[in-house]
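S.K.: Would you be able to build a 3D model of this:
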Amino acid sequence: MTLAKPQQGKIPATVITGFLGAGKTTMIRNLLQNADGKRIALIINEFGDLGVDGDVLKGCGAEACSEEDIIELTNGCICCTVADDFIPTMTKLLERENRPDHIVIETSGLALPQPLVAAFNWPDIRSEVTVDGVVTVVDSAAVAAGRFADDHDKVDALRVNDENLDHESPLEELFEDQLTAADLIVLNKTDLIDADGLKSVREEVASRISRRPTMIEAKNGEVAAAILLGLGVGTEGEIANRKSHHELEHEAGEEHDHDEFDSFVVELGAIADPAAFVDRLKGVIAEHDVLRLKGFADVPGKPMRLLIQAVGSRIDQYYDRAWTPGERRGTRLVVIGLHDMDEAAVRTAISALV
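M.R.: Predicted coordinates:
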């Protein structure tokens, strides 16, 4: 028996993407707490074995999104597991008697948005759901610091003299792919840079793509639900015009390495001096070129767990929620880096900090 649908028309879905540490989770937390009564289902594609972002969002206490409405996909990059994970997840979501008013999908910082959006054209999905829009979150402070910027004139000059020069790293390609897929670009963390820095970030982001999606500024991921939801684009219908480097390379008959990133979980005991631990952690991140680190720490005598999120040398920490009865206390950190990162050395270095 087919259940009656609680609403007419397609359910809108918003895809939120962005590079590592751009502030996607914070923005979604703010969205859920100010959803104006909308019932929102949230699909999170966590990179790594520990569902950190899911736990953060479950602790936000937002009435618009209950724990049963939060679904984590932890089996790897969503762009590579569309058929195995995403499509079955969407199908089960649509079979619910109380379907959501809106679906929000947070990709991992390493995911290509294009194949995910294209998946909404699958027969079982396209008649039920439409991509309201793709929102790409940018860490303005990181871009202003030149983490993804390069001197185009200098690179071109070097390329002329060396035809074998590879002048675009996979990270730069990923950054550009996420911008290319966007209907809305959120320049987040603008409070960390001055007016000149923001102007440079705008110019840098615009130079990376040929399209001109709307670009807005934000602090602490604070963007009104009315801006994020209701774009009404139907992005799945035009995703073929927003091809990633990966797709363009395959069209040209080139091979592409998917295994650019690795992640692993480090489990530790209690952290007696979190300030000292975080300060020394910066040195480990710098020495081993860790791209992203996030997780929770157990601080003795504290009823709440300490959330730790690092992008490069910048580390944010705060107590996010109380440990629940029966929950095993501990320190668990997800480390993300390039595929040639020395996992054993990083594990040893982090373990030595306790």
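S.K.: top strand in the protein by residue count?
M.R.: Assignment by DSSP state E gives strand 129-139 as the longest strand of the chain.
S.K.: what lines up beside it in the sheet?
M.R.: strand 11-18 (parallel), strand 184-188 (parallel) (DSSP bridges).
S.K.: Looking at the ones you listed, which is nearest to residue 282?
M.R.: strand 184-188 (21.6 Å; Cβ to Cβ). From N, CA and C alone the C-beta is placed, and that goes for glycine too.
S.K.: Helix or strand: which one has the nearest residue to residue 350 once chain neighbours are set aside?
M.R.: Take residue 350 and drop its neighbours on the chain: the residue closest to it by Cβ to Cβ, 6 or more residues apart in numbering is residue 266, 5.1 Å away. Assessed by DSSP states H and E, residue 266 sits inside strand 261-268.
S.K.: was I right about residue 228 contacting residue 184?
M.R.: Yes: with contact defined as Cβ atoms under 8 Å, residue 228 reaches residue 184; the gap is 7.4 Å.
S.K.: and for the two, which residues touch both?
M.R.: Shared contacts of residue 228 and residue 184 (Cβ atoms under 8 Å, 6 or more residues apart in numbering): residue 135.
S.K.: neighbour count winner among these two?
M.R.: With neighbours defined as other Cβ atoms under 10 Å, residue 228 and residue 184 compare such that residue 228 has more, 24 against 20.
S.K.: quick check: longest helix of the chain.
M.R.: Counting by DSSP state H, the longest helix found in the chain is helix 274-288.
S.K.: packing partners for that helix?
M.R.: Counting contacts by 3 or more Cβ pairs under 8 Å, 6 or more residues apart in numbering; DSSP states H and E, helix 274-288 packs against strand 292-297, strand 304-311, strand 314-322, helix 343-351.
S.K.: Can you give the strand pairings for the first one, parallel or anti for each?
M.R.: The one in question is strand 292-297. For strand 292-297, pairing defined by DSSP bridges yields strand 304-311 (antiparallel), strand 331-338 (antiparallel).
S.K.: Buried residues, the first one. List them.
M.R.: Taking 16 or more other Cβ atoms under 10 Å as the basis for neighbour counts, the residues of strand 304-311 that come out buried are 305, 306, 307, 308, 309, 310, 311.
S.K.: Specify which member of the residues you listed is nearest to residue 330.
M.R.: residue 305 (9.2 Å).
S.K.: check contacts around that closest one.
M.R.: By Cβ under 8 Å, 6+ apart, the neighbours of residue 305 are 296, 297, 298, 299, 319, 320, 321, 322, 323, 329.
S.K.: pLDDT for those - can I get that in CSV?
M.R.: Putting the contacts of residue 305 into CSV (pLDDT from 0 to 100) gives the following:
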residue, pLDDT
296, 91
297, 94
298, 95
299, 96
319, 91
320, 86
321, 88
322, 92
323, 92
329, 93
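S.K.: Check the residues you listed against residue 347 and report the nearest one.
M.R.: Closest approach between those and residue 347, by Cβ to Cβ: residue 297, at 16.1 Å.
S.K.: Poorly predicted segments of the stretch 201-350 of the chain, please.
M.R.: 246, 249-261, 312 (pLDDT under 70).
S.K.: Throw the contacts of residue 305 into TSV and include neighbour count, thanks.
M.R.: Converted to TSV, the contacts of residue 305 look like this (neighbours: other Cβ atoms under 10 Å):
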residue	neighbour count
296	24
297	24
298	19
299	19
319	15
320	15
321	16
322	12
323	15
329	14
